[in-house]
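Trainee: Based on what follows, work out the 3D shape:
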Amino acid sequence: MSQEGKDLSRRDFLKTTGIATGTLVGGGIIGGLIGYNTNKKSKPSKNANNTTGHNEHSGVPARMFFMSQTDFQVLSNATERIFPKDNLGAGAIDLGVPYFIDRQLAGNYGSNSKEYMQGPFAEGAPTQGYQSRLTRAEIFTQGVMALEKESKKRFKKGFSDITDKQMDEILTAFQKDEVKMSGTTSGLFFSLLRSATLNGAYADPMYGGNRNLEGWKMKGFPGHQMAYISEIEKDEFKKYEPKSLGSI
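Mentor: From the prediction side, this is the model:
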């Protein structure tokens, strides 16, 4: 492989594959995202309470869904491997993605309360989307525990104690649906985890992720501006500082 190919960053991958702010590309392309060319010099702490750049007066946000610190650490480190910190900006942990997912699982997203969840249940085709009898909260709970179990099975250590390469090996096995889960599949869990991670990186900060608007800043996304009427007729490019819904 040429040096140019080796230097392709994870965010270059996001850009060239069409994963833009607020949009997700379906399918199994995440295999190219996991840990791709992570900048080892800027590797974050594996502690989910790492609050770099966090400006809330409490210092550490409160969890609403995950009661177990071990489970939350597993979730945090899994999201960081999907969206790792590199020389271009923050990763999932510094962006607050684990707390975003925690909040979502504690609400309607986690309970599937606005979706039809009655039988009959059958194994659906990949094109049919969500088919499990389990709620997302139940799938995430089981999936996080399965990550920990698989890590101990393969490496005799908990998921948060293994190397990045070993984490990638396990996450890839989940993406390829090679790990047995009950009432759902590891492939579905991985797909949900991947989507939630990207949503947390790019959603409005009022939902708990995209801390300090860093996700939008990396994309050059202006967020929620009141109006563009004073600039729209001008020929020169205007760069806006991104704004959250909470700041309007």
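Trainee: what does the model give Lys41 for pLDDT?
Mentor: Per-residue confidence for Lys41 comes out at a pLDDT of 40.
Trainee: same deal with Asn50?
Mentor: For Asn50, the predicted pLDDT is 45.
Trainee: And Glu241, by the same measure?
Mentor: For Glu241, the predicted pLDDT is 84.
Trainee: gap between the spatially closest residue to it that is not a sequence neighbour and Pro205?
Mentor: Of all residues not flanking Glu241 in the chain, Pro222 sits nearest, at 7.8 Å (C-beta to C-beta, 6 or more residues apart in numbering). Any C-beta I mention is one placed from the backbone N, CA and C, and that applies to glycine too. As for Pro222, its distance to Pro205 is 14 Å (criterion: C-beta to C-beta, to the nearest Å).
Trainee: Equivalent analysis for Gly91, please.
Mentor: 16 Å.
Trainee: Val97 and Thr79 touch, don't they?
Mentor: Yes. Val97 is in contact with Thr79 according to C-beta atoms under 8 Å; the separation is 4.9 Å.
Trainee: ok, the two, which is more surrounded?
Mentor: More crowded of Val97 and Thr79, by other C-beta atoms under 10 Å: Val97, with 32 against 27.
Trainee: Please name the residues that touch the more buried one.
Mentor: Thr79, Phe83, Ala196, Thr197, Gly200, Ala201, Gly209 (C-beta atoms under 8 Å, 6 or more residues apart in numbering).
Trainee: The second one - how many residues pack around it?
Mentor: Residues near Phe83, counting by other C-beta under 10 Å, number 26.
Trainee: before we move on, back to that, more neighbours, Gly91 and Pro205?
Mentor: Gly91 (25 against 22).
Trainee: and Arg211, how many neighbours?
Mentor: Using other C-beta under 10 Å, the number of residues around Arg211 comes to 25.
Trainee: And for it, nearest residue in space, chain neighbours not counted?
Mentor: Gly96 (4.0 Å).
Trainee: Can you read off the pLDDT for the one you found?
Mentor: Value listed for Gly96 in the pLDDT field: 96.
Trainee: okay, which residue is most central for the protein?
Mentor: Thr197 (1.1 Å; C-alpha atoms, centre = their mean).
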